[in-house]
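Colleague: model the following, please.
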Amino acid sequence: MWAVALPGSQSGKQVFPMMIAPGDSVSLNVVFTANVLNKRIQSPFWKAALKFQHSAVALGRFFNYQLPHGSTCSTISGLVYFETSNKATTISPIHLNGIWEYRYENDWEPGLQMILNSLNFKTKVGFTYFDNGLKGEKTTEHSDEITADYFEVANAGQPVRIRKIASYHGCCTTEDSDTLAIYHLNERLTRQLQYTNKYSGQMLLPYTLALSGSEHLDKLSGPFAVKIGESFTDRTRNHGKKIGIRVWKAIDEHGKVISNAYILGSDYLGKKGTNYDYQDNVYYIENIKLYNKSVAPLMAQK
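Modeller: Alright, predicted model coming up:
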């Protein structure tokens, strides 16, 4: 399921055991390959089973029903163990998680809840593959989703930090390089922060590149909305005034709410492929709080 190698080393080259001098360090690449699964699904049985599961998910969407089980994706866990000749030293193993998908796009993709589970978040999304037929009109009941349109910095002495944690949409064209931006309410100004590598459209922790406005995160002031692609957290600025970016409280692996941190999931609105799954672009953002003077008459009820 996994491969470990030195960066730049040739495939299959033996890199262990290795000697590391005191004070030195070595970088290692741990790659999720899932070669065992890729070989297993070559059989006609598994191909038929996966296609049946995909059809069942698609049929459930037609009837606004979400199967509790039967995804064509799998969450794969692993451990990296370290052994050393120093008997006085014990190195704890590193936990690994990855998501394997048989095919990409459409209902072959993992749902947002599976994505967050694989990253050890306990946030409850409230749906599996799509937003329970709400089609972006209101927040999801029985979930950790909140009503949010504008934010402000929680601790002025610290920068706002944003990390893209998942991207499941089209791949490999210029149009698939979605951007992340901040919209300043008082200035009526949008600042681009980063964009995604066009080849990272189907993966956890996708590659992103900073834009010239990214340093503005260190000195944010005043209320701001987040813009992902063409959608804003302020739904009044979106196509059809729908929710284009859902916001959830970030809950850690122990079930505790992470202070001033949120998970943002976006979906393409007004497109042929709009499916309201909200995992097209997923971000983790911290050191922000809800703008307490925000008035959002068109937002869904809390």
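Colleague: low-confidence ranges in the stretch 1-150 of the chain?
Modeller: For the stretch 1-150 of the chain, residues meeting the criterion pLDDT under 70 lie at 9-14.
Colleague: show me where it has strands.
Modeller: Applying DSSP state E, counting those that start in this stretch to the stretch 1-150 of the chain gives strands spanning 2-5, 29-32, 73-80, 94-101, 145-146.
Colleague: the second one: which residues count as buried?
Modeller: Within strand 29-32, the residues scored as buried using 16 or more other CB atoms under 10 Å are Phe32. The way it works is simple: take the backbone N, C-alpha and C, and place the C-beta from them, glycine included.
Colleague: that strand packs against which elements?
Modeller: In terms of contacts (3 or more CB pairs under 8 Å, 6 or more residues apart in numbering; DSSP states H and E), strand 29-32 is packed against strand 2-5, strand 94-101.
Colleague: so where's the longest strand in this protein?
Modeller: In terms of residue count, the longest strand belonging to the chain (DSSP state E) is strand 257-266.
Colleague: would you put the C-alpha positions of it in PDB?
Modeller: C-alpha atoms of strand 257-266 as PDB (Å, rounded to 0.1, in the frame of the first residue of the first chain):
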ATOM      1  CA  VAL A 257     -14.100  21.900  19.000                       C
ATOM      2  CA  ILE A 258     -10.900  23.600  17.800                       C
ATOM      3  CA  SER A 259     -11.100  27.200  18.900                       C
ATOM      4  CA  ASN A 260     -11.400  29.800  16.100                       C
ATOM      5  CA  ALA A 261     -11.000  27.100  13.400                       C
ATOM      6  CA  TYR A 262     -13.400  26.000  10.600                       C
ATOM      7  CA  ILE A 263     -13.600  23.700   7.600                       C
ATOM      8  CA  LEU A 264     -14.900  25.200   4.400                       C
ATOM      9  CA  GLY A 265     -16.200  23.000   1.500                       C
ATOM     10  CA  SER A 266     -17.200  24.500  -1.800                       C
END
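Colleague: give me the buried positions along that strand.
Modeller: Residues of strand 257-266 classed as buried: 260-266 (neighbour count, 16+ other CB under 10 Å).
Colleague: ditto for stretch 213-232
Modeller: 214, 216-217, 220, 223-232.
Colleague: switch the strands of the stretch 1-150 of the chain over to JSON lines; also include distance to Gln113.
Modeller: JSON lines is the format used below for the strands of the stretch 1-150 of the chain (distance: least, CB to CB, whole Å):
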{"stretch": "strand 2-5", "distance to Gln113": "24"}
{"stretch": "strand 29-32", "distance to Gln113": "20"}
{"stretch": "strand 73-80", "distance to Gln113": "11"}
{"stretch": "strand 94-101", "distance to Gln113": "12"}
{"stretch": "strand 145-146", "distance to Gln113": "12"}
